[in-house]
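In: Provide a 3D model corresponding to the input given below.
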Amino acid sequence: MEQGSYIGREAVAAKRKQYFYPCTAHFYRDSPQIVRGNMQFVYDEKGKEYTDFFAGVSVVACGHCNPAITERTIAQLQQLQHTTTIYLTQPAVDLAERLEEVLPGDLRRTFFVNSGSEANEGALLLARMHTGRKGFIALESGLHGRTNLTMSVTGLPMWRTDQYLDEDVTFIERPYHPELTLEEAAEISLKSLARVLEEKGDTIAAMIAEPIQGNGGMIMPVSWYFREVKALLDQYGVLLIADEIQTGFGRTGALFAMEHFDVVPDIISMAKALGNGVPVAAFATTDEIALSLNRPSASTFGGNPVSAVTALAVLDYIRTEALQERAASLGAHLKAGLKSLQERYPALISDVRGTGFMLGAELTGVDAAAAGALTDDILEEMKDRGYLIGKNGINRNVLAFQPPLIVTAEDIDGMITVLDEVLRQVSK
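Out: Okay, here's the model as predicted:
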């Protein structure tokens, strides 16, 4: 669209209100109409530039409209746009082969779908079929999707919309508590897991967990937590599903975040960054477990040629540009900057946590509502000054930093400088 043809933010907001469901919201009081993107930058209908430190919630890891990726997407779109798995096409098998090379351990069989919710739904189904059991274990404050079963294993109250969720889900404490050390919180979580397994382990198909809880507030467990979890689950023949929808493909400084814990899950789900904005998702497992998904099944759009070629371009770019190493080093730089702000404003920032480019800064207030309102004020100010950051957490009071992995040290330093100015302003 030509710049003069944009209808403007007010008109877009009005049409959303008229035609969208009321559940669809946006972050800002004065939200820009985003019309163009270029690597770590996006632009509004007035031509204003914003440095993106949220990446569409961990999606655009390789940058907006990255030509190294979009050129291959366009070329495939012009050659062959769509078939389904009832025909033989090469891009999907090339992608499956490539994923086998980078997946941890002996995970090598892949089923392609379209979204993170669908990937987790498939992973949960696979676990039931393989074990012949129905139940699941999930962590409190986790987020796994908006389908019925993925919503059932979601522990964040605001995302549990359906009043008729699956009742065969048992939640245990997550390995985090603001008043405990990570070690103490992990021990409590493990004791809860052991108790559930002892009581009904023979009815549990799998435990699903995010290696780092994103929407739950950037919660990263102590390093030994998932090793202990896997050992307990193995005693009862319960599978471990790693939800790597947000954490996968280099964001945390490892290709998959479970690598930080030296654990290979039984099933892994992936989406978001794999397509860099093009819908592509999958769940992967071992040869043995994959044998259980043997009744006829298909995904109309899953693994279509355009998505598969895009994902291959993404994996190439992550490797050639060393994005996971970049996330580790520059993520440490960003975290140090946030820590310095915490030291400068201890009455505003209670914690800085996470790793790589998956970081959160938790804000304080006289109560949860005040902390949430402060978060919104900061997001608004940062947006007005040209920086887009996110928010998450149980009380929506955690500033979320999940930029494209191609941001520079200069981008980070500029954002920290502006955030310092905003924090100084709101602290007066």
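
In: who are the neighbours in contact with residue 13?
Out: For residue 13, the contact set (Cβ atoms under 8 Å, 6 or more residues apart in numbering) comprises 26, 31. To be clear about C-beta, it is placed using only N, CA and C from the backbone, and glycine gets the same treatment.

In: Can you tell me the SS state at it?
Out: Under DSSP: H, G, I helix; E, B strand; the rest coil, the three-state class of residue 13 is helix.

In: Now do it against residue 385, distance only.
Out: Distance, residue 13 to residue 385, by Cβ to Cβ, to the nearest Å: 21 Å.

In: do the same with residue 135
Out: In terms of Cβ to Cβ, residue 135 sits 49 Å off from residue 385.

In: So the two - more neighbours on which side?
Out: Legend: neighbour count by other Cβ atoms under 10 Å for residue 135 and residue 385, higher for residue 135 (22 against 16).

In: Could you say which helix or strand holds residue 36?
Out: The secondary structure element spanning residue 36 is strand 34-38 (assigned by DSSP states H and E).

In: Mind listing the strands whatever helix or strand comes next after that strand pairs with, and their directions?
Out: Counting by DSSP H and E, the next helix or strand C-terminal to strand 34-38 is strand 41-44. Partner strands for strand 41-44, per DSSP bridges, with pairing direction: strand 34-38 (antiparallel), strand 49-52 (antiparallel).

In: tell me the mean pLDDT for the next helix or strand after the last one?
Out: On the C-terminal side of strand 49-52, the closest following helix or strand by DSSP H and E is helix 55-58. On average, the pLDDT along helix 55-58 is 94.

In: Okay, buried residues for helix 55-58 please.
Out: Applying a neighbour-count criterion of 16 or more other Cβ atoms under 10 Å, one finds 55-56, 58 buried in helix 55-58.

In: Repeat that for stretch 7-18.
Out: By neighbour count with 16+ other Cβ under 10 Å, stretch 7-18 contains the buried residues 9, 12.

In: which residues in the stretch 201-350 of the chain form helices?
Out: For the stretch 201-350 of the chain, the helices defined by DSSP state H, counting those that start in this stretch cover 225-235, 287-290, 305-320, 323-344.

In: tell me the most buried of those helices?
Out: Per-residue neighbour counts averaged over each of the helices of the stretch 201-350 of the chain give the maximum for helix 305-320, namely a mean of 22 (mean count of other Cβ atoms under 10 Å).

In: ok and that helix relative to helix 323-344, angle-wise?
Out: 70 degrees (axes from the mean of the first three to the mean of the last three Cα atoms, to 10 degrees).

In: Point out the other helices and strands that helix 305-320 packs with.
Out: With contacts defined as 3 or more Cβ pairs under 8 Å, 6 or more residues apart in numbering; DSSP states H and E, the secondary structure elements packing on helix 305-320 are helix 67-79, helix 90-102.

In: I'd like those helices laid out as a markdown table, including distance to residue 31.
Out: Rendered in a markdown table, the data for the helices and strands packed on helix 305-320 read as follows (distance: least, Cβ to Cβ, whole Å):
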| stretch | distance to residue 31 |
| --- | --- |
| helix 67-79 | 25 |
| helix 90-102 | 35 |
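
In: Assign residue 104 to helix, strand or coil.
Out: Residue 104 falls in the coil class when you classify it by three-state DSSP.

In: who touches the nearest residue to it once chain neighbours are set aside in this structure?
Out: Distances taken as Cβ to Cβ, 6 or more residues apart in numbering place residue 264 nearest to residue 104, at 4.8 Å, with adjacent residues excluded. Taking Cβ under 8 Å, 6+ apart as the contact definition, residue 264 lies against 104-107, 258.

In: what about 10 Å?
Out: 103-107, 230, 240, 242, 256, 258, 286 (Cβ atoms under 10 Å, 6 or more residues apart in numbering).
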